[in-house]
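1. Need coordinates for the below:
(2 chains)
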Amino acid sequence: MPTYAYILVSLALFFVGTAGVLLRRNALIVLMSVELQLAAGTLALLAFSRALGDQKGHVFAFFVMALAAAEAAVGLAIVVSVFRTRRTANLDDVNALKG
Amino acid sequence: MTVDVASIAALAPLLLISGAGCLALLLDTLTKGREPALRLAQLGCLAALAAVVGQWTGAESGQPIWSGMWVVDRMALFLDALLIATALVTLSVAAPFMREHDFENGESYALVLFATSGMMTVVHATHLLSLLIGIETMSLAAYLLVASWRRQPAGPEGALKYLLLGAFAAGFLVYGTALVYGTTGGEMSYAGIAARAGQAAGNPLFIIGVYFLLTGMLFKIAAVPFHMWAPDAYEAAPTPVTGLMAAGIKVAAVGALVRLLAAVLADPGLALGHAGWVRVLGGVSFLTMTWGNLAALRQENVKRMLAYSSIAHAGYLMIGLVALGQKVDGAQPALLVYLAAYAFTTLGVFAVVAWVGRRDDERVLVRDWAGLARTRPAVALAMTVLLLSLAGVPPTGGFFGKFYVFRAAMQSPDLAWLVVAAVLNSLVSVYYYLRIVVAMYFRDPVQPWQPFRSAGMAVVLVAIVVVVLALGLVPGPAIDLAAGGLGALR
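-> Predicted structure coming up:
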């Protein structure tokens, strides 16, 4: 497959992720959408890295994976603590603050 | 690349801060009480500050080290010192605050240091990878610090909003990096991108990538329209952490933007699309300060008011960034002096807010502050000085910071309208700052109360007021320090 095909797929993934963050109201789904954005970035990095014959993109992809894992760990911990106090993970019901 | 003693020694301040964080975490599990972890964390800050001072003489022209990941130059050291001071103040204010509100934990002290090590990485970074690592270290620690006040129901909620939007911004940073990497032919270091940017500018993917990177950074300084998280996160966070976020994270992100905009995208041939980033950021700056000030006008909650005020200050700071993009002489030292004055003033203001609250009675509404001048005249006086500094009234540091940035921006005819808008905005801001002063001095207390007594708080507050006044009365030394320059990337 040519490089631009990978880039098109990654762009599509990124916009699905962005739309998910902006449109979905469940905190877990929003976190998953952010993961999609990061996956899109990783895919684009790897495709470029392959096409350019350069290793930096691969290395960066590893860091992005570590970052995604750390963000998920912290994110889920915070969602759990919100759930404990409010009994919901829906962002529309989480409204003690004015937003 | 070769790893030698010199390149490890160049990381000394960072290693001291993050090492002290790890040790504080360990010590906290081994000892009874939270005091040892706190003292160790403060000691780490002092040691790192000494290391920064020690590096100052050798850092006239910083060369990128660690394969172009890292630079030690005067700007980075200036901001390092500022960030370490921020951490020290945060630790010293957080300890009595957490004791008063009964949620003291050693992890918070370690997290403050981890967040600081991330901020320091951000201002030293000359590579998109080190930038991302720094941004995320700082942000992940900040999310947890916001959530740490578990008894406050808003705490985890504010942290959740902060986390979701912060992670969203990280997505933009990563994707922007990927696009810039691909379109510059495999460059990730700032120097490499700067060399290839001219060729790549014709590629729409490169332009999108650059704007994605800028979007990710603008989230961190809470510029409109990427500011939605800030008031909620600032209100929900434990007040000393709010100070850390408003001062430290903004300083770090502006430092990174200075490098990105002045070094990477400074190529005059780089119009970056039809409008150019100078005009785009100018518009964002105008929106940010105007929106921040108008929203602050109708806040009854002091913490929220100060959150919007810090959004407005992000707008003023961006004038300096745009002036830097226009190659205005003296824009960079002006920006650094502004950052120093803003950081100390903000820390002081939030220290006072942390001080007046009692357990189960946080006292964050403007009317709660009525009559404070009668019960605690010294605290009220300190708050007045700090609020005048935020408003930019002489002879405070806030006035000179604004003055230098605006004066630098006036040299560019394209920016005159922004400066006029900023001055008008500053006038508007005086109104809501003075509301607090009026409440403290001219209103009768609804019910009598006393801020808790704390010698540590008093020392910190006196030190901050002295620094803020010194920046205003004798600004010369700070300007000389700030004029140290960008080093090799200039």
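2. switch to C-alpha atoms for all contacts and neighbour counts from now on
-> Will do.
3. Could I get the contacting residues of A:Gln55?
-> Going by C-alpha atoms under 8 Å, 6 or more residues apart in numbering or on different chains, A:Gln55 touches A:Ser49.
4. Okay, buried residues for the strand or helix carrying A:Val79 please.
-> Following DSSP states H and E, one finds A:Val79 within helix A:56-86. Neighbour-count burial for helix A:56-86 flags A:56-58, A:60-61, A:63-64, A:67-68, A:71-72, A:74-83, A:86 (criterion: 16 or more other C-alpha atoms under 10 Å in any protein chain shown).
5. Do any residues in that helix lie close to chain B?
-> Yes: against chain B, helix A:56-86 shows contacts by C-alpha under 8 Å from any C-alpha of the partner chain at A:56-57, A:60, A:64, A:67, A:70-71, A:74-75, A:78-79, A:81-82, A:85.
6. pLDDT score assigned to the one residue in chain A that gets nearest to chain B?
-> Among the residues of chain A, A:Gly41 lies nearest to chain B; the distance is 4.3 Å by C-alpha to the nearest C-alpha. Per-residue confidence (pLDDT) for A:Gly41: 95.
7. With adjacent residues omitted, what lies nearest to it?
-> B:Tyr175 (4.3 Å; C-alpha to C-alpha, 6 or more residues apart in numbering or on different chains).
8. Does that neighbour touch B:Ile208 like I think?
-> No: applying C-alpha atoms under 8 Å as the test, B:Tyr175 and B:Ile208 come out as separate, 9.6 Å apart.
9. These two: who's more crowded?
-> A direct count of neighbours by other C-alpha atoms under 10 Å in any protein chain shown for B:Tyr175 and B:Ile208 places B:Tyr175 higher, at 30 against 17.
10. so that one is in which element?
-> Per DSSP H and E: helix B:154-183 holds B:Tyr175.
11. How about the contacts made by the closest residue to A:Phe60 other than its chain neighbours?
-> Distances taken as C-alpha to C-alpha, 6+ apart place B:Leu129 nearest to A:Phe60, at 6.6 Å, with adjacent residues excluded. Contacts for B:Leu129 (C-alpha under 8 Å, 6+ apart) come out as A:Phe60, B:Met69, B:Met188.
12. remind me which residues of chain B are low pLDDT?
-> B:1-2, B:263, B:266-275, B:449, B:484-490 (pLDDT under 70).
13. how close does whatever residue of it ends up closest to chain A sit to B:Val419?
-> Proximity of chain B to chain A (C-alpha to the nearest C-alpha) peaks at B:Tyr175, 4.3 Å away. Relative to B:Val419, B:Tyr175 is positioned 34 Å away (C-alpha to C-alpha, to the nearest Å).
14. Please apply the same query to B:Arg443.
-> Distance from B:Arg443 to B:Val419, by C-alpha to C-alpha: 35 Å.
15. Same drill for those two, tell me which one is more crowded.
-> Counted by other C-alpha under 10 Å, B:Arg443 and B:Val419 do not tie: B:Val419 has more neighbours, with 20 against 16.
16. so who does the more buried one touch?
-> Contacts of B:Val419 (C-alpha under 8 Å, 6+ apart): B:Ile319, B:Phe406, B:Ala409, B:Met410.
17. what about 6 Å?
-> B:Phe406 (C-alpha atoms under 6 Å, 6 or more residues apart in numbering or on different chains).
18. returning to what we had before: quick one: what helix or strand has the residue nearest to A:Phe60 in it?
-> With DSSP H and E as the test, B:Leu129 turns up in helix B:128-147.
19. Tell me what angle that helix forms with helix A:56-86.
-> Orientation note: helix B:128-147 sits at an angle of 10 degrees relative to helix A:56-86 (axes from the mean of the first three to the mean of the last three C-alpha atoms, to 10 degrees).
20. now what about stretch B:364-380, what contacts it?
-> Contacts of stretch B:364-380 (C-alpha under 6 Å, 6+ apart): B:Glu300, B:Asn301, B:Val302, B:Ala439, B:Met440, B:Tyr441, B:Arg443, B:Asp444, B:Pro445.
21. Now that stretch - C-alpha only, CSV.
-> The C-alpha trace of stretch B:364-380 is given here as CSV (Å, rounded to 0.1, in the frame of the first residue of the first chain):
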residue,chain,number,x,y,z
VAL,B,364,-14.3,31.6,48.2
LEU,B,365,-17.2,34.0,47.5
VAL,B,366,-16.5,37.7,47.3
ARG,B,367,-18.9,38.5,50.0
ASP,B,368,-17.2,36.0,52.3
TRP,B,369,-14.2,38.3,52.3
ALA,B,370,-16.1,41.2,53.7
GLY,B,371,-14.3,42.9,56.6
LEU,B,372,-11.1,40.9,56.3
ALA,B,373,-9.1,44.1,56.6
ARG,B,374,-10.5,44.5,60.2
THR,B,375,-9.7,41.0,61.4
ARG,B,376,-6.4,40.5,59.5
PRO,B,377,-5.1,43.8,58.2
ALA,B,378,-1.7,42.4,57.0
VAL,B,379,-3.3,39.7,54.9
ALA,B,380,-5.7,42.2,53.4
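22. list the buried ones in that stretch?
-> B:Val364, B:Leu365, B:Val366, B:Arg367, B:Asp368, B:Trp369, B:Ala370, B:Gly371, B:Leu372, B:Ala373, B:Val379, B:Ala380.
23. circling back: run through the contacts of stretch B:364-380 and flag the ones next to chain A.
-> Residues of these in contact with chain A (C-alpha under 6 Å from any C-alpha of the partner chain): none.
24. are any of those residues buried, and which?
-> Among the contacts of stretch B:364-380, those scoring as buried are B:Glu300, B:Asn301, B:Val302, B:Ala439, B:Met440, B:Tyr441, B:Arg443, B:Asp444, B:Pro445 (criterion: 16+ other C-alpha under 10 Å).
25. thinking again about what came up before, okay, the residue nearest to A:Gly41 and B:Val460: tell me how far apart.
-> Distance, B:Tyr175 to B:Val460, using C-alpha to C-alpha: 42 Å.
26. Give me the buried stretch members for the strand or helix carrying B:Tyr441, please.
-> In this structure, B:Tyr441 sits in helix B:416-442 according to DSSP H and E. Within helix B:416-442, the residues scored as buried using 16+ other C-alpha under 10 Å are B:418-419, B:421-423, B:425-426, B:428-430, B:432-433, B:436-441.
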